[in-house]
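Asks: attaching a predicted model along with its sequence, questions to come.
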Amino acid sequence: MKVLVIGPGGREHAIIRSLLSDPYVREVHAAGGNAGIAQLVETHAVATDDPAAVTELAQQLESDLVVIGPEAPLVAGVADALRKAGIAVFGPSRAAAELEGSKTFAKQVMAAANVPTAMCRVATTGEEVAEALDAFGAPHVVKDDGLAAGKGVVVTSDGDEALAHAQACFDAGGSVVVEEYLEGPEVSLFAICDGRKAVPMAPAQDFKRIYDDDAGPNTGGMGAYTPLPWVPSGFVDEVMERVVQPVIDEMAGRGTPFIGVLYCGLALTSRGVRVIEFNVRFGDPETQAVLARLKTPLGGLMMEAAKGELDTNEQLTWSSQSAVAVVVAAENYPDSPRKGDPVTGLDAAEAVDGVHVIHAGTKLAEGRILSAGGRVLTVVGLGPDLEQARRRVYDGVGQVRMERSQYRTDIAARAARGEITPPQRTGALPVIGAES
Ligand code: AMP
Ligand code: GLY
């Protein structure tokens with residue numbers, strides 16, 4: 001089959017790398033792209049948020065399947081236009097993408113489907129925010145209602161900072177969701193959905209804050225690892241039963257079936273699993289770690305989902321190795337990253353046993369690779385356990401040269417040392433939806 005992948009980042013580079021190892025995938029093209037993607041496949045310059053332009057490209061290329069990586073084209077309705085033109089698409093419709101596009105919508109769906117999540121209130125004025133902050137107490141969680149590339153959330157014990165974030169969202173014309181704080185380790189679980197059924201991928205953990213020990217502001221994600229030796233047995237089944245299937249059923253019942261990846265951002269709290277957020281696409285950088293272990297051919301899996309033909313009796317197969325992914329970011333990320341620096345040492349990094357390099361914000365200029373975004377690379381290391389995968393990935397990162405780059409040194413460190421223990425469950429498991 002011929003596949004067109006939409007999107008320019010690390011997630012898309014990892015997807016393309018996996019597609020190329022699928023024996024049924026004959027040809028891969030990319031729309032958008034970076035220096036790493038351009039080394040693997042032909043790239044096409046197109047406005048990836050423009051449904052008509054993407055459809056025209058897919059028709060020209062005679063693509064059998066289009067895979068949409070980022071949320072913005074999904075929310076813009078690119079999948080709808082492709083489906084209307086009779087092209088198989090891995091990615092939800094505009095209506096189904098609202099699960100990520102609007103936090104309020106996601107909360108309504110969860111309430112309707114009895115999915116456990118944080119209590120919340122929608123606020124459109126400073127007074128409503130102040131009341132909600134008071135009701136839930138500190139630490140405070142204030143979220144921009146719309147898309148904000150992972151940076152629209154402020155978690156703080158400082159009431160003034162929480163109010164100021166809400167005000168900034170109002171000033172930009174938006175509304176906010178104020179939430180109860182969820183205490184407990186976080187898990188990212190990707191479910192591949194075909195509109196009616198779903199199969200889970202291996203759970204991963206993301207590191208959202210910029211600095212070691214979870215200090216500093218939230219980013220799109222600074223590293224990830226999989227598998228998670230500390231998750232309780234039965235965890236994935238529980239999430240499929242209590243979260244994924246109810247949401248898929250609810251979306252199908254509304255006439256807006258969900259096709260693609262439902263990314264469940266979860267917290268393991270003492271009261272059980274709670275949804276922090278949904279995304280309607282693969283996570284970045286979790287995908288770089290998760291796909292490094294996937295043995296099931298990815299193209300076939302995505303095609304089955306796109307056609308509504310997922311075989312839920314068939315489990316996905318995984319390498320027994322552990323994968324650790326470390327993001328190398330530019331100076332000043334996540335604010336206003338420095339760009340245009342030469343990036344070298346990538347061959348030396350890839351020469352480390354078990355290591356490969358995924359590009360995110362890079363571009364080719366006169367034969368050189370230059371930084372062109374906040375998150376520049378993800379270095380991925382595979383090893384027999386997390387400790388060895390960590391050693392390898394950091395050996396690889398150590399080979400990369402880019403002026404004033406930054407990365408976290410503690411990705412998967414606590415898990416490798418066996419220091420993560422999910423809280424013991426207390427009492428029964430009440431189902432908590434949105435407060436009315
Ligand atoms: P989101 O964009 O909703 O995923 O939020 C980004 C990050 O903020 C999450 O990965 C969490 O680390 C944190 N966060 C969001 N909501 C909550 C919450 N209700 N309780 C605790 N932490 C949260
Ligand atoms: N790593 C978080 C995200 O992709 O949203």
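Replies: Okay, I see it. Ligands and ions are numbered 1, 2, ... in the order given.

Asks: which SS class is Pro232?
Replies: Following DSSP: H, G, I helix; E, B strand; the rest coil, the label given to Pro232 is coil.

Asks: which parts of the stretch 251-400 of the chain sit against ligand 2?
Replies: Asn279, Gly283, Asp284, Glu286 (CB under 6 Å from any ligand atom). No exception for glycine: its C-beta is placed from N, CA and C like everyone else's.

Asks: ramachandran coordinates for the first one?
Replies: The reference is to Asn279. The phi and psi values for Asn279, taken as degrees, to the nearest 10, are phi -120, psi 160.

Asks: for Ala166, see how far away the closest residue to it other than its chain neighbours is.
Replies: Leaving aside its sequence neighbours, Asn279 sits nearest to Tyr263 (CB to CB, 6 or more residues apart in numbering; 3.8 Å). For Tyr263, the distance to Ala166 (CB to CB, to the nearest Å) stands at 25 Å.

Asks: beta partners for the residue nearest to Asn279?
Replies: Phe190, Asn279 (DSSP bridges).

Asks: looking at it now. What's its pLDDT?
Replies: Predicted confidence (pLDDT) for Tyr263: 98.

Asks: correct me if wrong: it contacts Val290.
Replies: No: Tyr263 is not in contact with Val290 according to CB atoms under 8 Å; the separation is 10.7 Å.

Asks: shared neighbours, those two?
Replies: Common neighbours of Tyr263 and Val290, counting by CB atoms under 8 Å, 6 or more residues apart in numbering, are Phe190, Phe282.

Asks: and the two? Which one has more around it.
Replies: Val290 (27 against 23; other CB atoms under 10 Å).

Asks: pretty sure that one contacts Ala204?
Replies: Yes: if you go by CB under 8 Å, Val290 and Ala204 touch, sitting 5.3 Å apart.

Asks: grab the nearest non-local neighbour of Ala38.
Replies: Leu364 (6.1 Å).

Asks: quickly list what that neighbour is bridged to.
Replies: Ile369.

Asks: can you give me the neighbour number for it?
Replies: 15.

Asks: which stretches of the stretch 201-350 of the chain form strands?
Replies: 205-206, 209-211, 215-218, 223-226, 259-269, 272-279, 322-329 (DSSP state E, counting those that start in this stretch).

Asks: worst mean pLDDT among these?
Replies: Among the strands of the stretch 201-350 of the chain, strand 215-218 scores lowest, with a mean of 91.

Asks: centre of the chain versus it, how much separation?
Replies: Offset of strand 215-218 from its chain centre (CA atoms, centre = their mean, to the nearest Å): 18 Å.

Asks: residues of that strand that come out buried?
Replies: By 16 or more other CB atoms under 10 Å, the buried positions in strand 215-218 come out as Asn218.

Asks: that one near ligand 2 at all?
Replies: No: Strand 215-218 lies out of reach of ligand 2 by CB under 6 Å from any ligand atom, never closer than 9.6 Å.

Asks: in the chain, which ranges drop under the pLDDT threshold?
Replies: For the chain, the stretches with pLDDT under 70 are 148-151, 427-436.

Asks: what do you get if the cut-off is 50, keeping everything else the same?
Replies: By pLDDT under 50, the low-scoring segments of the chain are 430-436.

Asks: number of nearby residues for the residue lying closest to Val75 once chain neighbours are set aside?
Replies: Excluding the flanking residues, the one nearest Val75 by CB to CB, 6+ apart is Gly101, at 4.4 Å. Look at Gly101: counted by other CB under 10 Å, it has 20 neighbours.

Asks: Gly101 contacts Gly152, doesn't it?
Replies: No: using CB under 8 Å, Gly101 is not in contact with Gly152, being 11.9 Å away.

Asks: between those two, which contacts overlap?
Replies: Gly146.

Asks: can you pick the most crowded of the residues of the stretch 251-400 of the chain next to ligand 2?
Replies: Going by other CB under 10 Å, Glu286 tops those with 30 neighbours.

Asks: can you list contacts of stretch 397-410?
Replies: 207, 210-213, 222-223, 326-331, 333, 338, 341-346, 348-349, 351-352, 357, 371, 376-377, 379, 394.

Asks: of these, buried ones?
Replies: By 16+ other CB under 10 Å, the contacts of stretch 397-410 give 207, 210, 222-223, 326-331, 333, 341, 343, 346, 349, 352, 357, 371, 376-377, 379, 394 as buried.

Asks: out of those, which are inside helices?
Replies: Leu346, Ala349, Tyr394 (DSSP state H).

Asks: out of those, who's nearest ligand 2?
Replies: Tyr394 (19.9 Å; CB to the nearest ligand atom).

Asks: residue contacts, the closest one?
Replies: Val326, Gly381, Thr409.

Asks: what lines up beside the helix or strand Val3 falls within in the sheet?
Replies: Under the criterion of DSSP states H and E, Val3 resides in strand 2-6. Strand pairing for strand 2-6, using DSSP bridges, gives strand 27-31 (parallel), strand 65-68 (parallel).

Asks: got the angle for the helix or strand following it vs strand 27-31?
Replies: Heading C-terminal from strand 2-6, the first helix or strand you meet, by DSSP H and E, is helix 10-20. With axes from the mean of the first three to the mean of the last three CA atoms, to 10 degrees as the basis, helix 10-20 and strand 27-31 are set at 170 degrees to each other.
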